[in-house]
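Colleague: have a look; sequence and predicted model below, questions after that.
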Protein chains: 2
Amino acid sequence: MTSLTLALDAMGGDHGPHVTVPAALQALKLYPDLRFILVGDQDQIQPYLAQSGQDITDRIELRHTTEVVSMSDRPVHALRCRRDSSMRQALDAVHRGEAQACVSAGNTGALMAMAKVVLKTLPGIDRPALVSCLPTINHKPVYLLDLGANVSCDSDTLFQFSVMGSVLCEAVTKQPRPKVALLNVGSEEIKGNDQVQQAAQLLQHTPQINYQGFIEGDEIYRGKVDVIVCDGFVGNITLKTSEGIARLLIHQLKEGLTRGFFVRMLAKLLAPSIQSVLKQMNPDHYNGASLIGLRGIVVKSHGNADETAYLQAISLAVTEARRRLPEMIKQRLESILLDINS
Amino acid sequence: MTSLTLALDAMGGDHGPHVTVPAALQALKLYPDLRFILVGDQDQIQPYLAQSGQDITDRIELRHTTEVVSMSDRPVHALRCRRDSSMRQALDAVHRGEAQACVSAGNTGALMAMAKVVLKTLPGIDRPALVSCLPTINHKPVYLLDLGANVSCDSDTLFQFSVMGSVLCEAVTKQPRPKVALLNVGSEEIKGNDQVQQAAQLLQHTPQINYQGFIEGDEIYRGKVDVIVCDGFVGNITLKTSEGIARLLIHQLKEGLTRGFFVRMLAKLLAPSIQSVLKQMNPDHYNGASLIGLRGIVVKSHGNADETAYLQAISLAVTEARRRLPEMIKQRLESILLDINS
């Protein structure tokens, strides 16, 4: 296996190097062929490297910068005034071919804007989309996009997302003609706003996409379709709501199972079984969303990810880099777009 | 306690009289002062009444009609061409004062359009909103609106929903100055689309509303605020996604706790504790959303509600009718709007 280098925006996210660096160290132990370019403030990063042996630190290149993109920076501002930031430099490293993928837990809007300018979109794609896999009732993951890179989307953008989602799913799962649906407030044809109505019209006339119609929120987790498309406002809230309710249920269950001595004892005995279910549903185990439609790999971690969750995002970047995802998407996209336009 | 009459759209929903009539019969046993006007096809309704004693059937008035609003009827079409429908006649009964509230599991868009025309909105309100209470981690319910009555909302509408939500919460919970937030893709001021950005501006300049800023999807269930406002597209998908993930978790838990003899035995002993948690989280126990901002009470049940869930919707209508909710909202709204406009 050839060596793989990831560029890490070490300062991004709520916890910065406190989470990103220990997660990177874990990843280096997990993947012997992996190397990192850590971009950020060396004074903050160095203390976390002090405990590691030379065999590990030899695989890390530290690129010092004190500039960071803050969570409240507007995308346009970040683009113009944060050229030395850890986020920008991590993307630049991918653009220059020094790294095969970039991971950041920073400001989503800024990451999207910078990635679009630095890495450029694939031919036929106007805007990159943030996509992630969610668990379903039949254990077959579903791809949901956009998750917040584009808060407002017209029907053309939703159409492009459907094509990208379909291509991504086919490329990763090897499943031919993945089922694609639009997220809507009802499954009937008359339902929804203008954007989804018009996107549905476009998809109905595109035989290259296995379009299944509208799908409602409660069907996301049923595993009936492989790709679900919505605008970034709806997608972001859908994903975060799911995390919120999963945490609430886990909390209530823990609370309910510690009332009374007998219940507490039984619950302790059952703990491994309950834990294994909760682990499957724990949002931290689904951390890492890919910014697709670009000529390079960018993985966005949750801002509040802990070490375990951030490691998930790194692992996702490793998988996508090994599979050369952008090239796969580009090839398939070209043949579909050629078909559609001919 | 004075007698209370509810008008039921007996044909509405996926299951029609098969669910609505048995739920009504249960409600009559539960509430001795309750009466029903059941609107629908007598040939389909009668068989469900055959087993009941005269003391029960005496409290039911059956209004025969064969016309129904279908789930695929566009609101405008329903309004013009379904004047004899069970939904329309149930609303008419409230308008004429024959019933104090109406319950329907039918087409949301049609119900909203008909209710607006038949019952009219309160002074200062342009569009009614669908609102429901959700459970939170600190056991204090949160009001979420709009849940699907208005798929597209401008900032003025979001502002009116905030005022209505605040007034509703204050009226029902007696809590002064409920905390109101706008649902958004981030908590920072720069986040979101034009509608939420402009609605935030309006709310920041309205001291009568205890506006708390933006809230993200994963915070809905944390109980930090009392009222959360969004457009009907986002609200509907948020609510249904929550139901979907709750069902998935319950399913996984049941599956996980039946693997192996020992685990199955322990799980059986723990069943009452687990059940009581799952019951709290079961979406069926939160069935029934109120269409507020009207001069009458309209409760919308899930289309696919079963008997237990439909009974929840009836109970909600009973509570709101007893509290004379529209009058309470009207009074409070007038004083706030007077303040704002002066």
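Modeller: That came in fine, so what should we check first? Model, not experiment: these values are computed from the prediction.

Colleague: lowest average confidence, helix or strand, in chain A?
Modeller: Sorting the helices and strands of chain A by mean pLDDT, DSSP states H and E puts helix A:261-281 at the bottom, at a mean of 69.

Colleague: for residue B:243, see how far away the closest residue to chain B within the stretch 51-200 of chain A is.
Modeller: Proximity of the stretch 51-200 of chain A to chain B (C-beta to the nearest C-beta) peaks at residue A:185, 4.2 Å away. Any C-beta I mention is one placed from the backbone N, CA and C, and that applies to glycine too. According to C-beta to C-beta, to the nearest Å, residue A:185 and residue B:243 sit 14 Å apart.

Colleague: so between these two, which is more surrounded?
Modeller: Higher neighbour count among residue A:185 and residue B:243: residue A:185, with 26 against 20, using other C-beta atoms under 10 Å in any protein chain shown.

Colleague: does the nearest residue to the residue of the stretch 51-200 of chain A closest to chain B once chain neighbours are set aside count as helix, strand or coil?
Modeller: Excluding its sequence neighbours, the residue lying closest to residue A:185 (C-beta to C-beta, 6 or more residues apart in numbering or on different chains) is residue B:236, at 4.2 Å. Recorded secondary structure, residue B:236: helix (DSSP: H, G, I helix; E, B strand; the rest coil).

Colleague: do stretch A:145-156 and chain B meet at all?
Modeller: Yes. Residues of stretch A:145-156 contacting chain B under C-beta under 8 Å from any C-beta of the partner chain: A:148, A:151-152.

Colleague: quick one: buried residues of that stretch?
Modeller: Residues of stretch A:145-156 classed as buried by neighbour count (16 or more other C-beta atoms under 10 Å in any protein chain shown): A:145-151, A:153, A:155.

Colleague: distance between the ends of it?
Modeller: Here the two ends of stretch A:145-156 are set 14 Å apart, with distance taken as C-alpha to C-alpha, to the nearest Å.

Colleague: please parse chain A into its domains.
Modeller: Under the TED database, the residue ranges defining each domain of chain A are A:1-121+A:292-322, A:125-283.

Colleague: could I get those as JSON lines with distance to residue B:20?
Modeller: Written out in JSON lines, the entries for the domains of chain A read as follows (distance: least, C-beta to C-beta, whole Å):
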{"stretch": "domain A:1-121+A:292-322", "distance to residue B:20": "44"}
{"stretch": "domain A:125-283", "distance to residue B:20": "20"}
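
Colleague: out of these, flag the one nearest residue B:13.
Modeller: Evaluated with C-beta to C-beta, those place domain A:125-283 nearest to residue B:13, the distance being 13.6 Å.

Colleague: just the ones of the residues of stretch A:145-156 next to chain B in strands?
Modeller: Secondary structure from DSSP state E places none of the residues of stretch A:145-156 next to chain B in strands.

Colleague: any chance of these in CSV, with pLDDT too?
Modeller: Output for those, formatted as CSV (pLDDT from 0 to 100):
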residue, pLDDT
A:148, 89
A:151, 89
A:152, 90
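
Colleague: what is the burial count for residue A:83?
Modeller: Considering only other C-beta under 10 Å, residue A:83 is surrounded by 12 other residues.

Colleague: could you do residue A:47 as well?
Modeller: Residue neighbour count, defined by other C-beta under 10 Å, stands at 11 for residue A:47.

Colleague: which residue lies nearest the spatial centre of chain A?
Modeller: In chain A, the C-alpha nearest the mean C-alpha coordinate belongs to residue A:289, at 0.2 Å (C-alpha atoms, centre = their mean).

Colleague: that one contacts residue A:130, doesn't it?
Modeller: Yes. Between residue A:289 and residue A:130 there is a contact at 4.8 Å, judged by C-beta atoms under 8 Å.

Colleague: so what sits against both of those two?
Modeller: With contacts defined as C-beta atoms under 8 Å, 6 or more residues apart in numbering or on different chains, the residues adjacent to both residue A:289 and residue A:130 are A:147, A:300.

Colleague: do you have the strands of the stretch 1-150 of chain A handy? List them.
Modeller: Across the stretch 1-150 of chain A, reading from the start of the chain, the strands by DSSP state E, counting those that start in this stretch fall at A:4-9, A:34-40, A:60-64, A:101-104, A:129-134, A:142-145.

Colleague: out of these, deepest packed?
Modeller: By mean neighbour count, with neighbours taken as mean count of other C-beta atoms under 10 Å in any protein chain shown, strand A:101-104 ranks first of these at a mean of 30.

Colleague: packing partners for that one?
Modeller: strand A:4-9, helix A:86-95, strand A:297-300, helix A:307-322 (3 or more C-beta pairs under 8 Å, 6 or more residues apart in numbering or on different chains; DSSP states H and E).

Colleague: tell me which of these sits most buried.
Modeller: Compared across the helices and strands packed on strand A:101-104, strand A:297-300 shows the largest average neighbour count, a mean of 29 (mean count of other C-beta under 10 Å).

Colleague: how about residues contacting that strand?
Modeller: Strand A:297-300 is contacted from outside by A:91, A:94, A:100-105, A:108, A:111, A:115, A:119, A:128, A:130, A:288-291, A:313-314, A:316-317, A:320-321, A:325-326, using C-beta under 8 Å, 6+ apart.

Colleague: the residue nearest to residue A:223 when sequence neighbours are not counted: neighbour count?
Modeller: Sequence neighbours aside, residue A:136 is the residue nearest to residue A:223 in space, at 3.3 Å (criterion: C-beta to C-beta, 6+ apart). Other residues lying near residue A:136 total 19 when counted by other C-beta under 10 Å.

Colleague: if I read this right, residue A:136 contacts residue B:248, doesn't it?
Modeller: Yes. Using C-beta under 8 Å, residue A:136 is in contact with residue B:248, at 7.3 Å.

Colleague: please enumerate the shared neighbours of those two.
Modeller: Between them, residue A:136 and residue B:248 have residue A:221 as joint contacts when contacts are counted by C-beta under 8 Å, 6+ apart.

Colleague: picking that back up, quick check, the residue nearest to residue A:185 in contact with residue A:192.
Modeller: No. In this structure, residue B:236 is not within contact of residue A:192 by C-beta under 8 Å, at 9.9 Å.

Colleague: okay, and the common contacts of those two?
Modeller: Overlap between the contact sets of residue B:236 and residue A:192, as judged by C-beta under 8 Å, 6+ apart, is given by A:185, B:151.

Colleague: what about the two, which has more around it?
Modeller: For residue B:236 versus residue A:192, the count of surrounding residues by other C-beta under 10 Å is larger for residue B:236: 28 against 22.

Colleague: quick one, what contacts that one?
Modeller: Residues counted as contacts of residue B:236 (C-beta under 8 Å, 6+ apart) are A:185, A:216-217, B:147-148, B:151.

Colleague: rerun at 10 Å
Modeller: The contact partners of residue B:236, by C-beta atoms under 10 Å, 6 or more residues apart in numbering or on different chains, come to A:184-186, A:191-192, A:216-217, A:234, B:108, B:130, B:146-151, B:230, B:289.

Colleague: residue A:96 now?
Modeller: Residues in contact with residue A:96 (C-beta under 10 Å, 6+ apart) are A:7, A:118.
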